[in-house]
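> A structural model of the following input is requested.
(2 chains)
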Amino acid sequence: MKYSGKARKKEALERQALGKERGFYSLHPFQPHLSFKRSSLPVSLLFRMSFTFKISSSIISGLQIHFLNPNFGFFLNYPLTVIKQIGKPKPIYLGLPNPLNYYNCFHSIAFFPLLRVDLMYAERVEEYLETILYLIMKNQGPAKTTQIAEELNVSPPSVTEMIKKLSAQGLVEYIPYKGVEFTYEGAKQALKLKRKQQVLETFLTEILDFDRKAAHNEACELEHAVSDTVLEKLYEYLGKPDYCPDGNPINLDRCSIGPEISLVPLDEMKEGASGTIFRVALSKETKKRLNSLGLLPGEKLEIKRKQKQGSISVNVVGSEVALGKEVAKRIFVNPL
Amino acid sequence: MQISVFSGDVIIVTNSSTPARKKPGKVSGLGVEKELTLAFIGNPSVGKSVFFTRLTGVGVEVSNYPGTTIEITSGSVQAGARTLELVDLPGIYSLGAAGEDEKVTREYLFLKRPDVVVNVLDASRLERNLVLTLQLLELDLPMVIALNQVDLAEEMGIRVDAKKLSELLGLPVVPTVATKGEGLDKVILIALAEKEKEQQYHRVQYSAWVGEALSELDLTFPNLPFCAKMGALLNEAELVKLCSGKAETSALLSTARRLRQYQELRHSTSIQDTVARDLFGEAGQLVDRVVTRFEPEKTFKDRVDAFLTSQHFGIAVLISALLLTFLAVFKIGGFLEGLIVDDFFEPFLIGPLEEMTLGMNPVLRNILIYSLRGVEAGAAIAIPYIAVFYILLSVFEDSGYLTRAAFLLDNLTHKLGLHGRAVIPLVLGFGCNVPAIMSVHALGTKREKRIASVLISLVPCSARTVIILGLVGVYVGFWPAVSIYVLQLIIILLTGRILGKSLPGKRSGFIMEMAPLRKPELKSTLQKTWLKSKEFVYIALPLLIVGSAFLGILDALGLLDLFQNAVEPISVGLLGLPAFAATALVFGILRKEMALQILAVLAGTANFAAVLTPLQMYEFAVITTIYMPCVATIAVLKHELGGKDTSLIVLFTVLLALIVGVLIRVFGASFFT
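Sure thing, here's the model as predicted:
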């Protein structure tokens, strides 16, 4: 299919618009990514205006609109938050107190109200949710705003601002002097995100042969763009694994949020290193064979030999066992 | 160290029994007149087979890698007035695991109920070995422990207090060194005494909730043995069936399932893991109480071991080992061949026979001369090469180098859709394809077995080596002969790569115990070589003689020409070989090296340079190497993979041989002028 010039232009504009976190947009009818149309009723044309935001990308989870045009002085910085403006266009009604003025100038671009639109990137929101989840799991309690700021490398005030927005969306709850806690909805979304990231990470390491670090970074990028349907298909394709390549369980629920343990897959350990087996995430038969050789959770092991790209041999319960890479990377060790 | 208290004169070891490789089902027939049955059981490569061979003299193949004994072997021993039947069981790690070896052993143990079990333990790897012992104790069979390889353990800084172990477990423990024959007689005598005794065995202390589940099963099924209940809890249906004799099996299993699910949910851990933990924990505690460790010196052996699998030298060592092997086979085999053919057969046997039979009926004369040529070919061409090769191969096997090679090549074999373990059968294939294909069963999945079998049937076995070295090596040169191996290797790699990509099915992971490096024993090496060569003489020589004689008759009657004319368009037209080569190839199907011998018979001379060009020799050697596995190989292929896969393999190899043959004819000309 050929790309029409119009489509290309539209896309470029869209990209440009999305590139800026917050931008100034004139409410001009020919802006493709941010269009508005008049209500069909003439009366309402005077008093109410309906804007339809057609934002084709799903990554925007909300926006704030501020009227900036001095002609509408008392509208200045009147924020209007639109939540969950994901995908589907939705009309927003604004009352205009000085309809005549507005009406007269309707066809002149100069008199269009200038709106400041803060696009709240879903990506940003998701990052916050993930960080809060990570901190809650780590603290086994509320996440402190200073911790969040540290993790995300942003200033504490901007964290506070964002937390306010999130709590306005009903995702988190700020408990004074303690920190941020999830609401039910927030926890659900955060766990969903986490799962998404883990499944993607598994896919990248298992199927596309990424190394674990790269896979983690890629997954962090990808997770914001992958839809639930794609993710479920992917999960099925992977054979519904229970564990991520870093050894942590994939299907968490609200009850099982525990601190993440820093596990090392056996194949990443160095020659001579030792540790305790924590988890063996392999098929039942393989696990049985490993069990009978003494490779089971709780046993100490020591890496005896290791080949660069291949197999590894470990000393466990007094005997030496050679393991292929595909087996070793599913054995997770708590290093000493 | 005075271990063997009862030496030689008490036990008279008879060497009368024949190698009785019997399937488990057939063993009972033997047991009728025998008084007592002793079964050797233990982890793989702890020395059971050495034990057994030492005692009975029956040739059991012994190697230093897990899984040498596939089938049950039995032999008999005279102890005073009694005749004992000794049974060597495949090594297993635990009673629960589901491999084929484990099944064979388990079935034997439960269905045949040996009178006394001799549990052979490796003192150097006591902890892991004790897990099986603890499981065996639960079966309440009369049992003796042979604590083997105490010398090796000592070397590694491990000293086991046998007396204390015996007290703790509640059964006799005898320290032995099977390779040197120390303590073997004592084990047998104690085993005999043990049969009558009531024993109070040590019991494993399982986790509280496993114990709870077990006692609940005890209430519901008071008559069933312990192992059935344990098996049911672990969801091992087969084990339960074996233990309980099929009574109440399904009821037990379903009750156990409910209990298991309930308990697993409550404790959020699987019962298999918990039981394994308990067993290993118990073994660890026992070891702590009976073993004293001291820091061993960093021995020469350790350094060699590290060197063999080191990043840079490992592969170099491997390649040079292979090259040296072929060089040795080539040089020593060639020397022996010359000795036998030129200095013995030709002047002293064949020459006089030809003179003697000058005036006889041509058919009879042909029969005589051809069969003598068959004997010559078999004894003189094949045996030197095969024997030398097996000596070297058994050194590799016994020393434990093969497992190191498997470890090194795991990465490479992955590209072939296999894993490192497959290296062992592939290397064995250089000796003979038949045992190699028989040993693919240890590989795991069907897919891996199929790939490995195809690749093994392409590996140039010792019989093909005879042709390659005897024809190309002698008349064309050493390096052309090596180039055939290289070519073959390339074909194997390509085939493996294609199969690995295209064949459906599950892959299994590479898990293999690395037995400690051992100095190969001269006796064991020679014994093994002798066994293999004997097998060759028994099986191949009659075939050779009959085949040659048959050929003689065909030749005398003129039928041979008929066949040769029929296939001439292919053999001469397409491949450019002399017409009689086709007949040789047909006989090569019986046994590969026969192709060369028949070629010599048909050409009327063993000096091939007179009748064949170097290119033709090269081409002939390559074609014989590739086309169609020999009859014996086809038979085991059919046994392992079934008829369909086997015929596909045969078809594939024939086509491949034709294609490669034509290619060599077309492109080889420029190399040989």
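
> any idea which residue of the stretch 201-336 of chain A lies closest to chain B?
For the stretch 201-336 of chain A and chain B, the shortest gap (Cβ to the nearest Cβ) falls at residue A:324, measuring 3.0 Å. Backbone N, C-alpha and C define where each C-beta goes, glycine included.

> can you list the residues of the stretch 151-300 of chain A near chain B?
Counting by Cβ under 8 Å from any Cβ of the partner chain, the residues of the stretch 151-300 of chain A close to chain B are A:282, A:285-294, A:296-299.

> switch to 7 Å and redo it
Applying Cβ under 7 Å from any Cβ of the partner chain, we find that the stretch 151-300 of chain A lies next to chain B at A:285-286, A:288-294, A:296-299.

> filter those to the buried ones?
Among those, those scoring as buried are A:285, A:286, A:288, A:289, A:290, A:291, A:292, A:293, A:294, A:296, A:297, A:299 (criterion: 16 or more other Cβ atoms under 10 Å in any protein chain shown).

> and residue B:207, how close does it get to chain A?
According to Cβ to the nearest Cβ, to the nearest Å, residue B:207 and chain A sit 12 Å apart.

> now do the helices in the stretch 151-300 of chain A.
A:156-168, A:184-206, A:212-222, A:228-237, A:284-292 (DSSP state H, counting those that start in this stretch).

> quick check: next helix or strand after the shortest one?
Read in the C-terminal direction, the helix or strand following helix A:284-292 is strand A:300-306, with elements assigned using DSSP states H and E.

> what's the domain layout of the chain?
Answering for chain A, as no chain was given. A:5-120, A:187-256, A:264-335 (automatic domain parsing).

> ah, no, chain B please
Per automatic domain parsing, the domain ranges recorded for chain B read B:11-194, B:208-293, B:313-507+B:521-668.

> tell me the confidence at the nearest residue to the residue of the stretch 201-336 of chain A closest to chain B once chain neighbours are set aside?
When the adjacent residues along the chain are set aside, residue A:324 lies closest to residue B:510, with 3.0 Å between them (Cβ to Cβ, 6 or more residues apart in numbering or on different chains). The model reports residue B:510 with a pLDDT of 85.

> next one: the one 5 residues further on
According to the predicted model, the pLDDT of residue B:515 comes to 81.

> is it in contact with residue B:404, as I believe?
No: using Cβ atoms under 7 Å, residue B:515 is not in contact with residue B:404; the gap is 10.0 Å.

> of the two, which one has the most company?
Set residue B:515 next to residue B:404 and count neighbours by other Cβ atoms under 10 Å in any protein chain shown: residue B:404 wins out with 26 against 23.

> now check the helix or strand harbouring that one, is it near chain A?
With elements taken from DSSP H and E, the one containing residue B:404 is helix B:401-408. Yes: between helix B:401-408 and chain A, judged by Cβ under 7 Å from any Cβ, the touching residues are residue B:407.

> what does that helix contact?
Residues external to helix B:401-408 that are found in contact with it (Cβ atoms under 7 Å, 6 or more residues apart in numbering or on different chains): A:311, A:313, A:322, B:65, B:308-309, B:314-315, B:318, B:396, B:420-421, B:423-424, B:427, B:512, B:514-515.

> quick one: mean pLDDT over it.
In this model, helix B:401-408 has a mean pLDDT of 87.

> now the residues of the stretch 151-300 of chain A next to chain B in a markdown table, with distance to residue B:148?
A markdown table is the format used below for those (distance: Cβ to Cβ, whole Å):
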| residue | distance to residue B:148 |
| --- | --- |
| A:285 | 29 |
| A:286 | 29 |
| A:288 | 26 |
| A:289 | 23 |
| A:290 | 25 |
| A:291 | 24 |
| A:292 | 19 |
| A:293 | 19 |
| A:294 | 19 |
| A:296 | 25 |
| A:297 | 30 |
| A:298 | 28 |
| A:299 | 24 |
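
> ok, how many other residues are close to the closest residue to residue A:204 other than its chain neighbours?
Ranked by Cβ to Cβ, 6+ apart and with sequence neighbours excluded, the top spatial neighbour of residue A:204 is residue A:215, at 3.8 Å. Other residues near residue A:215 come to 23 when the count uses other Cβ under 10 Å.

> ok, now residue B:118?
Summarising burial for residue B:118: neighbours were counted as other Cβ under 10 Å, giving 26.

> each with direction, which strands does the strand or helix carrying it pair with?
In this assignment (DSSP H and E), residue B:118 forms part of strand B:116-122. Within its sheet, and counting by DSSP bridges, strand B:116-122 is paired with strand B:36-42 (parallel), strand B:143-148 (parallel).

> which of the ones you listed sits most buried?
Comparing these by mean neighbour count (mean count of other Cβ atoms under 10 Å in any protein chain shown), strand B:143-148 ranks first with a mean of 27.

> what residues does that one touch?
Residues outside strand B:143-148 that contact it (Cβ under 7 Å, 6+ apart) are B:46-47, B:51, B:116-123, B:133, B:136, B:160, B:162, B:171-176, B:178, B:187, B:190-191, B:194.

> try 8 Å this time
Contacts of strand B:143-148 from elsewhere in the structure, counted by Cβ atoms under 8 Å, 6 or more residues apart in numbering or on different chains, are B:42, B:46-47, B:51, B:116-123, B:133, B:136-137, B:160, B:162, B:165-166, B:169, B:171-178, B:183, B:187, B:190-191, B:194, B:199, B:201.

> low-confidence ranges in the stretch 351-500 of chain B?
Low-confidence segments of the stretch 351-500 of chain B, defined by pLDDT under 70, are located at B:377-378, B:380-382, B:442, B:444.

> min pLDDT across the buried ones among the residues of the stretch 151-300 of chain A next to chain B, which one?
In terms of pLDDT, the lowest of those is residue A:285, showing 80.

> ok, that one to residue B:508 distance?
For residue A:285, the distance to residue B:508 equals 8 Å [Cβ to Cβ, to the nearest Å].

> of all of the stretch 251-400 of chain B, which residue lies closest to chain A?
Distances from the stretch 251-400 of chain B to chain A, computed as Cβ to the nearest Cβ, single out residue B:276 as the nearest residue at 4.4 Å.

> what is the helix or strand hosting that residue packed up against?
Of the helices and strands defined by DSSP H and E, residue B:276 is found in helix B:271-290. Helices and strands in packing contact with helix B:271-290 are listed as helix A:284-292, helix B:126-137, helix B:162-169, helix B:208-220, helix B:226-233, helix B:249-267; criterion 3 or more Cβ pairs under 8 Å, 6 or more residues apart in numbering or on different chains; DSSP states H and E.

> how far out from the middle of the chain is it?
32 Å (Cα atoms, centre = their mean, to the nearest Å).

> show me where the stretch 301-450 of chain B has its helices.
Across the stretch 301-450 of chain B, reading from the start of the chain, the helices by DSSP H, counting those that start in this stretch fall at B:313-340, B:351-356, B:362-376, B:383-399, B:401-408, B:410-415, B:423-431, B:433-438, B:446-458.

> which other residues reach the next helix or strand after the last one?
Sequence-wise, the next helix or strand beyond helix B:446-458 is helix B:462-467, with elements assigned using DSSP H and E. Outside helix B:462-467, the residues within contact range by Cβ under 8 Å, 6+ apart are B:326, B:329, B:381-382, B:385-386, B:389-390, B:430-432, B:591-593, B:595-596, B:620-621, B:624-625, B:630.

> among the strands paired with strand B:116-122, which gets the worst mean confidence?
Taking each of those in turn, the lowest mean pLDDT turns up on strand B:36-42, with a mean of 87.

> what is the subsequent helix or strand relative to that strand?
The helix or strand immediately downstream of strand B:36-42 is helix B:48-56, counting by DSSP H and E.

> which elements pack onto the helix or strand just after that next one?
Per DSSP H and E, helix B:48-56 leads on to strand B:72-79 as the next helix or strand towards the C-terminus. Counting contacts by 3+ Cβ pairs under 8 Å, 6+ apart, strand B:72-79 packs against strand B:11-12, strand B:20-22, helix B:27-31, helix B:48-56, strand B:82-88, helix B:184-194.
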